[in-house]
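**Student:** just a sequence and a predicted model for now, questions to come.
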Amino acid sequence: REFFAVPEAPDYVNHPFTLHLERSGRDIAVRADQSATDALADAGIVVPTKCSDGICGVCAVSHHAADGIEHRDYVLSAKERGEKVVLCCSRARDAGGVIALDL
């Protein structure tokens, strides 16, 4: 599938959550007005991005929190979402939730 514009998205409510980096044990706070990729960049951890809209999948990384993620991308299949998360747009499902990443 190839998108030339971002599809119309539902009205999501953003809330703060935490990224837990399993390799280093670090926790990175993500504000409600911030993407996970921006929070990681602010912490000195660069995750490659391209579209920043969830239509390319460049910033997808492996996770270990399958049921706690609100996937907002347009590229991952249901099976892929069980293993990966597109960080530029997806968030923890609940306020204060944690997404454990293979970073």
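**Tutor:** On my side now, so go ahead. Since the structure is predicted, the reported quantities are computational estimates derived from the model, not experimental observations.
**Student:** use CA for all of it now, contacts and neighbours both
**Tutor:** OK.
**Student:** what residues are up against the residue nearest in space to the middle of the chain?
**Tutor:** Among the residues of the chain, the one closest to the centroid is Leu87, at 2.5 Å (C-alpha atoms, centre = their mean). By C-alpha atoms under 8 Å, 6 or more residues apart in numbering, Leu87 lies in contact with 35-37, 59-61.
**Student:** so can I have CSV of those showing secondary structure, pLDDT and neighbour count?
**Tutor:** What follows is the contacts of Leu87, written out as CSV (DSSP: H, G, I helix; E, B strand; the rest coil; pLDDT from 0 to 100; neighbours: other C-alpha atoms under 10 Å):
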residue, secondary structure, pLDDT, neighbour count
Ser35, coil, 97, 19
Ala36, helix, 97, 24
Thr37, helix, 97, 22
Cys59, coil, 96, 20
Ala60, strand, 97, 23
Val61, strand, 97, 15
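**Student:** pairing partners for the host helix or strand of Leu19, with directions?
**Tutor:** If you go by DSSP states H and E, Leu19 is part of strand 17-21. Sheet partners assigned to strand 17-21 using DSSP bridges are listed as strand 27-30 (antiparallel), strand 98-101 (parallel).
**Student:** switch those strands over to JSON lines; also include mean neighbour count.
**Tutor:** What follows is those, written out as JSON lines (neighbours: other C-alpha atoms under 10 Å):
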{"stretch": "strand 27-30", "mean neighbour count": "18"}
{"stretch": "strand 98-101", "mean neighbour count": "21"}
